[in-house]
Structure formats: C-alpha cells, structure tokens
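# Model the structure of this input:
(one chain, ligands or ions: 2)
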Amino acid sequence: ITSEESLVLIKPDGVARNLTGEILSRIEAKGYQLVDIKLIEPERSLLAAHYAEHEGKPFYEPLLEFMESGPIVAIRIAGNRVIEGFRSLAGTTDPTTAAPGTIRGDLGRDWGLKVQQNLVHGSDSPESAERELAIWFG
Ligand code: DAT
Ligand code: MG
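Ligands and ions are numbered 1, 2, ... in the order given. Here you go, the predicted structure:
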C-alpha cells in the first residue's frame, strides 16, 4: 500500500448547509482515514496562499470573498491513492454537470453567482497536497 495524505476543505457553503456530517460520512465510507480535522475562519493571507495559482483569474476575488464568508472545516485525510480518490468522490468543479453519485453532483447547487460554490476542495496532486497541508495544518 502506498498510503498518502490529502487536504480536504468543506467550504463555507457546505458548513452553512449542515452538510459536514454527510461529506465526512462519504469520506469514511470510502475507507479513508481522518488524521486531523478543525473548524477554522482563516485570514485572507492564508486563503491567498492556498489559491495562489488562480490569482488574476476572473473568479479569483469572488472565490476569496466566498471562502471568507463563514467557517470552513479543514481535514487531513489518508489512504491509498487518496488524492485521486477524493477528487473522484468530489466530482468535477461545476456542480451542475458533476456526475450524480459525487459530492458536488448530488449536493452542489448552482446559485448563478460569479464563483462555483461547490462544497469541497481536494488537493489535485502530491505536490499540491504537501503544499496545502503545510498551509492549513503547519
Ligand atoms: P477545483 O476546486 O475543482 O480543483 P479549480 O482549482 O480549478 O477547481 O478552481 C478553484 C475554485 O475556483 C473552484 O472550486 C471554484 C472556483 N472556480 C474555478 N473555475 C471557475 C470558473 N470558471 N467560474 C467560477 N468559479 C470557478
Ligand atoms: Mg483545484
């Protein structure tokens, strides 16, 4: 087994809609381990570091405003191929077209806003996971 770790965030829409338990259930049911978890309202500087790759894109400012709009649940998860596996559980970025059976496909809503409020974040590569886990968990 090549166990690895990933960063999952339950974004402010997920926390506000009381979907934390539902999302954690899906992670646990898949067999991934919860290594660390916390409720956090991060500084803008932390969010800017997290989303540095998107700076300058049209959705960047709305994205940071959205991420500042309420508490976030940050989770360190572990498991075999968990980075790829959680991305698969989450579904694609746009909740309208995300596949049914995924978190975003089953539970995501398109509010017609400038940013996708798509419930969760998951690291997209081992390099991203290492970088993001350092940002959120030190
Ligand atoms: P993902 O969260 O699926 O990894 P991403 O890293 O490309 O997607 O973008 C980060 C977040 O930014 C995404 O969850 C929602 C928002 N976003 C991305 N592309 C967008 C777009 N074209 N319009 C609106 N919001 C977008
Ligand atoms: Mg991403």
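# For this structure, what lies in contact range of ligand 1?
Listed as neighbours of ligand 1 in the chain under the rule Cβ under 6 Å from any ligand atom: 54, 59, 63, 93, 115-116, 118, 121, 124. C-beta here means a position set from N, CA and C on the backbone, and glycine is covered the same way.
# can you map out the helices along the chain?
12-16, 20-30, 44-50, 60-67, 82-90, 103-107, 126-137 (DSSP state H).
# possible to save the ones you listed as JSON lines with mean pLDDT and mean neighbour count?
Formatted as JSON lines, the helices of the chain follow (pLDDT from 0 to 100; neighbours: other Cβ atoms under 10 Å):
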{"stretch": "helix 12-16", "mean pLDDT": "98", "mean neighbour count": "19"}
{"stretch": "helix 20-30", "mean pLDDT": "98", "mean neighbour count": "15"}
{"stretch": "helix 44-50", "mean pLDDT": "98", "mean neighbour count": "15"}
{"stretch": "helix 60-67", "mean pLDDT": "98", "mean neighbour count": "17"}
{"stretch": "helix 82-90", "mean pLDDT": "98", "mean neighbour count": "20"}
{"stretch": "helix 103-107", "mean pLDDT": "98", "mean neighbour count": "20"}
{"stretch": "helix 126-137", "mean pLDDT": "98", "mean neighbour count": "16"}
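# Rebuild those as CSV, extending it with distance to residue 37.
CSV is the format used below for these (distance: least, Cβ to Cβ, whole Å):
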stretch, distance to residue 37
helix 12-16, 12
helix 20-30, 8
helix 44-50, 17
helix 60-67, 18
helix 82-90, 14
helix 103-107, 16
helix 126-137, 10
